[in-house]
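> Only the shape, not the letters, is given here:
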């Protein structure tokens, strides 16, 4: 992919002329555009996706530093989607002719309206529609995925969201990787040491708005008797109603933990020097909260 500003729609002839010396595969054409914000500045962090008439991905990726993309695709009909954090997505149809440039010109992304926030008061995690999972590397190749089956938590929503607080308690012995022997080892002194430290706890009193629906939730994570500061990269999904009409809010969050930071240093090496277990763990949360009775 070659990044380039194609200019506005009146510049198509010039754009095509500039590409005349670039050989294209037989039956191929070029599709591109430049992505701007409402004050006509490039949106370099935007991503684009080109799909065919059947909805299958053809090509996609990040824009260049000038907010542009230029791709070679087989001649045909396509659907373009452009998205960026804090902006409403843009979608358009495009027809790409053989040995020609389909220049969509300047595309403007409008600022997205952030979803409504939960009201002030205490909200509790609804466990049947929430999950706390993790992913670890195994022998440098495969990923092992697991979850905690038992947890509870309260979010105290303040009048100003950035002054809200959250407290989550996880039953360490509820770890589940769908392998009894492995789960037993993870509960042992080599890893979670659940007999001495039966819970994993996270307490946060700092909610920082990044942009749009993105937040950072920073707090103290206590695991195996060690407490470290951890930041959750959080996407707030908004407020909705459950099947019984109850109000609920939802978010997704992720963070990465280094095992050594919590003295989880057990390791076994394969004969060729590859570690059995990776040094970091990715934690993923999918959470729904409801007003506390």
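That came through, no problem. Keep in mind that what you see is a predicted model, and the values were worked out from it rather than measured.

> How about residues contacting stretch 128-137?
With contacts defined as CB atoms under 8 Å, 6 or more residues apart in numbering, stretch 128-137 is touched by 143-148, 151, 170, 248, 277-278, 280-288. Placement of C-beta: from N, CA and C, glycine included.

> Got a quick ChimeraX command for the buried subset of these?
A single ChimeraX command is used to select the members of those judged buried by 16 or more other CB atoms under 10 Å:
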select :144,146,148,151,170,248,277,278,281,282,283,285,287,288
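
> Look up how far residue 32 lies from residue 219.
Separation of residue 219 from residue 32 (CB to CB, to the nearest Å): 44 Å.

> more neighbours, the two?
residue 32 (25 against 20; other CB atoms under 10 Å).

> And for that one, nearest residue in space, chain neighbours not counted?
Computed as CB to CB, 6 or more residues apart in numbering, the closest residue to residue 32 that is not its neighbour in sequence is residue 70, at 3.7 Å.

> Tell me where the model's unsure across the stretch 151-293 of the chain.
Counting by pLDDT under 70, the stretch 151-293 of the chain has low-confidence residues at 265-278.

> ranges for the helices of it?
All helices of the stretch 151-293 of the chain, identified by DSSP state H, counting those that start in this stretch, fall at 180-187.

> got the buried residues for whichever strand or helix holds the residue nearest to residue 32?
Per DSSP states H and E, residue 70 falls inside strand 68-74. Buried positions in strand 68-74, judged by neighbour count with 16+ other CB under 10 Å: 68-73.

> what's whichever helix or strand comes after it packed up against?
Using DSSP H and E, the helix or strand that follows strand 68-74 in sequence is strand 76-83. Packing partners of strand 76-83 (3 or more CB pairs under 8 Å, 6 or more residues apart in numbering; DSSP states H and E): strand 28-36, strand 47-51, strand 90-96.

> Residues contacting strand 76-83, please?
31, 33, 35, 46-53, 55, 58, 89-96, 104, 107, 109.

> Domain-wise, how is the chain divided?
Taking automatic domain parsing as the reference, the chain has its domains at 9-108, 121-291.

> Can I get these in a markdown table including distance to residue 114?
Shown next, in a markdown table, are these (distance: least, CB to CB, whole Å):
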| stretch | distance to residue 114 |
| --- | --- |
| domain 9-108 | 8 |
| domain 121-291 | 6 |
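
> Out of these, which is closest to residue 115?
domain 121-291 (3.2 Å; CB to CB).

> and that closest one, how far apart are its ends?
Domain 121-291 has an end-to-end distance of 8 Å (CA to CA, to the nearest Å).

> Surely residue 159 touches residue 121?
No. Applying CB atoms under 8 Å as the test, residue 159 and residue 121 come out as separate, 10.2 Å apart.

> which of those two has more neighbours?
Per other CB under 10 Å, whichever of residue 159 and residue 121 has more neighbours is residue 121, with 11 against 8.

> who touches that one in this structure?
By CB under 8 Å, 6+ apart, the neighbours of residue 121 are 156-157, 291-292.

> Over to residue 127?
So residue 127 contacts 150-152 (CB under 8 Å, 6+ apart).

> try 10 Å this time
Listed by CB atoms under 10 Å, 6 or more residues apart in numbering, the contact set of residue 127 reads 149-153, 287-288.

> Nearest to residue 229 among these?
Closest to residue 229, out of all of those and judged by CB to CB, is residue 153, at 18.3 Å.

> Next, count neighbours for the closest one.
Neighbour count of residue 153, defined by other CB under 10 Å: 22.

> again with residue 257
19.

> try residue 193
18.

> Grab the nearest non-local neighbour of it.
Residue 193 sits nearest to residue 224 (CB to CB, 6+ apart), 5.7 Å away.
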